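A.B. asks: Got a predicted structure here, sequence first:
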Amino acid sequence: MSEQLTVMIRFAVLCLALAGCPASSPSGPQRAHVTGKITFAGQPVPYGTVSFIPPEGSGLPVSGAEIRDGKYDVRNLGGVPVGTHRVEINGWATPPQKMEAADLVAPAAPPLIPEKYNTKSELSLTVESNRPLEQNFDLE
């Protein structure tokens with residue numbers, strides 16, 4: 001599967017997850033509301049996604065949010081589960097557009113963010129409690 005198709009599928013899944021899933025149950029994992037700013041080469045990322053991916057086998061769900069004008073806010077389902085997560089950041093200079101045939105959301109332009117911050121990301125975030133957390137990412 002091509003890297004662009006993989007990014008498009010992840011983006012579509014993230015958009016569906018953000019579209020209004022019900023709140024998490026009290027028996028689910030503890031979560032924290034995570035917000036922040038994301039810049040690339042000193043400039044706010046205009047459009048994109050940020051995903052927080054728990055370790056394989058942890059049973060924790062992937063969390064994420066859209067990036068708009070360099071800002072993100074993960075509060076859906078209560079936020080990011082407590083624990084350590086790999087962070088994937090995708091960004092574009094122009095907004096995503098709908099693809100007619102497959103009805104998927106796809107980037108309108110080539111990726112702005114290099115793969116070392118998404119498909120090959122070594123970025124991580126540790127959420128230690130269910131209290132709100134601000135985490136900025138300054139990418140070069």
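C.D. replies: That came through, no problem.
A.B. asks: Which residue ranges of the chain form helices?
C.D. replies: 3-18 (DSSP state H).
A.B. asks: helices and strands of it: which one bottoms out on pLDDT?
C.D. replies: Lowest by mean pLDDT, DSSP states H and E among the helices and strands of the chain is helix 3-18, with a mean of 51.
A.B. asks: Quick check: longest strand in the protein by residues?
C.D. replies: strand 83-92 (DSSP state E).
A.B. asks: now for that strand, which elements pack on it?
C.D. replies: helix 3-18, strand 34-40, strand 47-53, strand 63-68, strand 124-127, strand 137-139 (3 or more C-beta pairs under 8 Å, 6 or more residues apart in numbering; DSSP states H and E). From N, CA and C alone the C-beta is placed, and that goes for glycine too.
A.B. asks: average pLDDT across it?
C.D. replies: Strand 83-92 carries an average pLDDT of 96.
A.B. asks: What lies in contact with that strand?
C.D. replies: Residues outside strand 83-92 that contact it (C-beta atoms under 8 Å, 6 or more residues apart in numbering): 7, 10-11, 29, 38, 40, 45-55, 58, 60, 63, 67, 107-113, 117-119, 121-127, 137, 139.
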